[in-house]
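Colleague: return a 3D structure for these sequence lines:
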Amino acid sequence: MVTNTLVVTDQYLLDEANRDVLDEFLASVQKWGADGESVAVSVLRSLRRIVVIFDTPETAQKVYQLLQSQGIRVTYSRRNSARSESTLDVPARLEPPERRVELQSPPPSPYLGYVQEPEEPPEPITMTEPESFSHLLYQPTRDEAARERVFEGRAEEPRVPLLIVDREEGEALRKRQQEIEREKLEEYKLSER
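Modeller: Sure, this is the predicted structure:
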């Protein structure tokens, strides 16, 4: 379909080494317009195209036939292009976008002036005397509904279980209580000397 716009895709004309050939081609295209008819030419290097817009499709058809006879690759655009009197100089390449401010991760090494301090030790064992929690500690019996105390001997305590542990934990607590009592006894003996 004939339109008023030609698209030249000849790579020889667009090659940077042949700049003088391109200038000569553009000058001759300007002359090919009919008397009083203007021609708009845009060189789009990044798209590897030369777009030539004439006032009438008839002039574009004559130039198309002339370029085809010269062996230059040329096609029609799909639609007629509107003419604009403004001259737009399109740069060969797009400019990179401005650098954005981005959040950055902290450096992997410590900052200047950082002093490594030893960590605080963990809190001392809160259960220094498991027997002191005897009113809280219960373990299940063979009968699933019943429970028995881990430590016996304090009758004034309530019979409401607050913490139920299994038999292994109960045994471990009794052993720990015995160890604590032995340590206290040894400390007492050492202090008497």
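
Colleague: dump the residue contacts of the closest residue to Val21 other than its chain neighbours.
Modeller: With sequence-adjacent residues excluded and distances taken as Cβ to Cβ, 6 or more residues apart in numbering, Val21 is closest to Leu13, at 6.3 Å. Just so you know, the C-beta spots here come from the backbone N, C-alpha and C atoms, and that holds for glycine as well. Applying Cβ atoms under 8 Å, 6 or more residues apart in numbering, we find Leu13 in contact with 21-22, 25, 50, 72.

Colleague: and if you look at Asn4?
Modeller: With contact taken as Cβ under 8 Å, 6+ apart, Asn4 is in contact with 53-57, 59-60, 80-81.

Colleague: re the thing from before, check which helix or strand the residue nearest to Val21 maps to.
Modeller: Under the criterion of DSSP states H and E, Leu13 resides in helix 11-14.

Colleague: can you name every helix or strand that the following helix or strand past that helix contacts?
Modeller: As assigned by DSSP H and E, the chain's next helix or strand after helix 11-14 is helix 19-32. Helix 19-32 is packed against helix 11-14, strand 39-44, helix 57-70, with contacts defined by 3 or more Cβ pairs under 8 Å, 6 or more residues apart in numbering; DSSP states H and E.

Colleague: how about those in TSV, adding mean pLDDT?
Modeller: Shown next, in TSV, are the helices and strands packed on helix 19-32 (pLDDT from 0 to 100):
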stretch	mean pLDDT
helix 11-14	78
strand 39-44	82
helix 57-70	85
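
Colleague: what's the closest of the ones you listed to Gln30?
Modeller: Ranking the helices and strands packed on helix 19-32 by distance to Gln30, with Cβ to Cβ as the measure, places strand 39-44 first at 5.5 Å.

Colleague: how is this structure partitioned into domains?
Modeller: Residue ranges for the domains of the chain, per automatic domain parsing: 5-76, 130-192.

Colleague: how about CSV for the ones you listed, with distance to Pro110 added?
Modeller: Conversion of those to CSV gives the following (distance: least, Cβ to Cβ, whole Å):
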stretch, distance to Pro110
domain 5-76, 48
domain 130-192, 41
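
Colleague: most tightly surrounded among these?
Modeller: domain 5-76 (a mean of 15; mean count of other Cβ atoms under 10 Å).

Colleague: ends of that one, what's the gap?
Modeller: End-to-end distance of domain 5-76: 6 Å, with Cα to Cα, to the nearest Å as the criterion.

Colleague: then stretch 68-77?
Modeller: With Cα to Cα applied, stretch 68-77 spans 15 Å between its terminal residues.

Colleague: repeat that for stretch 80-97.
Modeller: 33 Å.

Colleague: repeat that for stretch 80-96.
Modeller: 33 Å.

Colleague: what is the least confident helix or strand in the chain?
Modeller: Evaluated with mean pLDDT, DSSP states H and E, the helix-and-strand set of the chain has its lowest mean pLDDT in strand 163-164, which scores a mean of 63.
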